[in-house]
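Visitor: Sequence and computational prediction follow.
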Amino acid sequence: MIILAIDPGSTSTKVGVYQDGRTQKGGIEHPRPEIGRFASVMEQFDYRMQAVRQYLQREGYTACRFDAVVGRGGLVRPVPGGIYRVNDLLVRDLRDAVSGEHAANLGGVLALGFAERHGVPAFVVDPPVIDEMWPLARFSGLEGVERKSMFHALNQKAVARDVAQKMGRGYDEVNLIVVHMGSGITAGAHRKGRVVDVNNGLNGDGPFSPERSGGLPVIGVLELIEQGSHTPEELKVIVARKGGLFSYLGSPDLREVEQMAAQGDVRARVAVEAMIYQVAKEIGALAAALDGEVDGIILTGGVAFSASLVEQLTRKVRFIAPVHLRPGEHEIEALLAAALRVLNGEEQAKEYTGERHEDRG
Ligand SMILES: Nc1ncnc2c1ncn2[C@@H]1O[C@H](COP(=O)(O)OP(=O)(O)OP(=O)(O)O)[C@@H](O)[C@H]1O
Ligand SMILES: CCCC(=O)O
């Protein structure tokens with residue numbers, strides 16, 4: 001059995017190949033000036049196809065016949081968690097960016113691009129739009145503006161299942177707070193297998209991150225528009241891509257920022273401390289949402305590779321529950337394992353119908 005997994009991120013495309021029990025993982029970096037040439041995510045399709053093709057050639061997979069291709073799910077309409085066969089409707093909603101622009105929108109279309117050449121099925125798994133929020137979490141405080149579920153669902157669920165298993169319990173038996181810290185930061189309350197509350201970093205909700213603003217004082221933002229310094233369209237881009245560490249220091253790269261701090265840049269040190277402070281507050285809020293019944297806190301994503309950040313954050317939140325580290329992302333493994341479950345007949349792929357799903361139970 002040979003399966004190809006494709007996981008597009010904002011500046012890289014990660015690739016995985018499963019072959020008879022073994023997994024090979026790798027990736028292609030896309031320098032910001034190169035990727036910045038494209039006006040939209042979908043315009044990158046040919047460029048990313050070519051990059052994956054070159055990667056497969058380099059690694060000696062040219063003559064391979066894949067049995068399935070699986071991609072990271074994108075911002076389609078809200079759906080229940082699970083594995084989805086890539087169909088025409090799903091491709092249309094990814095192309096139309098019905099729930100917003102994100103590099104992940106390329107996952108399903110790239111998977112289909114390769115699958116069609118091999119005459120095999122393409123799947124996506126646990127897209128970021130999974131909606132399992134309970135009703136109270138949907139309130140924002142203003143009628144007509146609702147909090148929406150959009151988060152690093154694939155990685156959060158993969159590490160949560162892994163930690164639950166290490167605890168000797170099922171994912172649906174434990175309460176976990178999972179914090180994915182990458183370019184964006186999302187923190188989810190996983191209550192017995194269901195993500196009942198989570199911040200949507202792309203929409204200006206939750207802690208600030210390397211490149212997202214997180215929640216902002218609304219009046220301050222409105223004043224920026226009144227003063228004419230930014231249009232609403234510009235502000236939407238800033239909130240999702242040019243906020244956080246980037247806005248304070250001109251870099252969304254925590255490694256670079258930590259270097260600046262180590263060389264005595266006080267602004268860099270304090271900005272990182274502020275990010276840690278906000279993440280800790282978010283974890284505290286989710287602990288309250290779970291009535292204090294928290295079996296573990298999981299720190300994951302690229303930022304969790306920073307020993308100093310993890311140490312400072314752990315000191316602030318370990319009174320809540322034991323802290324587990326799963327640095328980096330575990331998306332390729334989760335994608336390949338899901339496709340394998342479908343091919344082995346252990347799980348059925350769902351049909352994407354484009355109907356909006358909200359778990360309001
Ligand atoms: N060893 C490290 N030490 C400190 N920071 C790191 C390290 N490795 C990666 N990072 C930081 O992690 C961030 C990127 O994380 P990651 O690769 O998970 O993000 P992404 O895939 O671009 O976005 P996302 O995870 O939000 O989809 C960057 O700010 C990067 O500097
Ligand atoms: C994956 C959606 C959340 C984010 O990128 O911040």
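Guide: That came through fine. Numbering: from 1, shown residues only. Ligands and ions are numbered 1, 2, ... in the order given.

Visitor: so Ile28 sits right up against Thr13, yeah?
Guide: Yes - between Ile28 and Thr13 there is a contact at 4.9 Å, judged by CB atoms under 8 Å. (Each C-beta comes from the backbone N, C-alpha and C, glycine too.)

Visitor: list residues touching both of the two?
Guide: Residues touching both Ile28 and Thr13 by CB atoms under 8 Å, 6 or more residues apart in numbering: Ala51, Val52, Tyr55.

Visitor: Of those residues, which qualify as buried by neighbour count?
Guide: Among the shared contacts of Ile28 and Thr13, those classed as buried by 16 or more other CB atoms under 10 Å are Ala51, Val52, Tyr55.

Visitor: Turn these into JSON lines, columns for distance to Ala115.
Guide: Output for these, formatted as JSON lines (distance: CB to CB, whole Å):
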{"residue": "Ala51", "distance to Ala115": "17"}
{"residue": "Val52", "distance to Ala115": "12"}
{"residue": "Tyr55", "distance to Ala115": "17"}
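
Visitor: Could you list which of the residues you listed belong to helices?
Guide: Under the assignment DSSP state H, the buried ones among the shared contacts of Ile28 and Thr13 contribute Ala51, Val52, Tyr55 to helices.

Visitor: quick one, what contacts the last one?
Guide: Tyr55 makes contact with Thr13, Val15, Gly26, Gly27, Ile28, according to CB under 8 Å, 6+ apart.

Visitor: Model confidence for it, exactly?
Guide: As predicted, Tyr55 sits at a pLDDT of 96.

Visitor: can you check Ala137 too?
Guide: Ala137 carries a pLDDT value of 98.

Visitor: In the stretch 251-361 of the chain, what residue lies closest to ligand 1?
Guide: With CB to the nearest ligand atom as the measure, Gly302 is the residue of the stretch 251-361 of the chain nearest to ligand 1, at 2.3 Å.

Visitor: ditto for the stretch 151-300 of the chain
Guide: For the stretch 151-300 of the chain, CB to the nearest ligand atom, closest residue to ligand 1: Gly182, 1.9 Å.

Visitor: hmm, which of the contacts of Tyr55 are the buried ones?
Guide: Buried members of the contacts of Tyr55, counted by 16+ other CB under 10 Å: Thr13, Val15, Gly27, Ile28.
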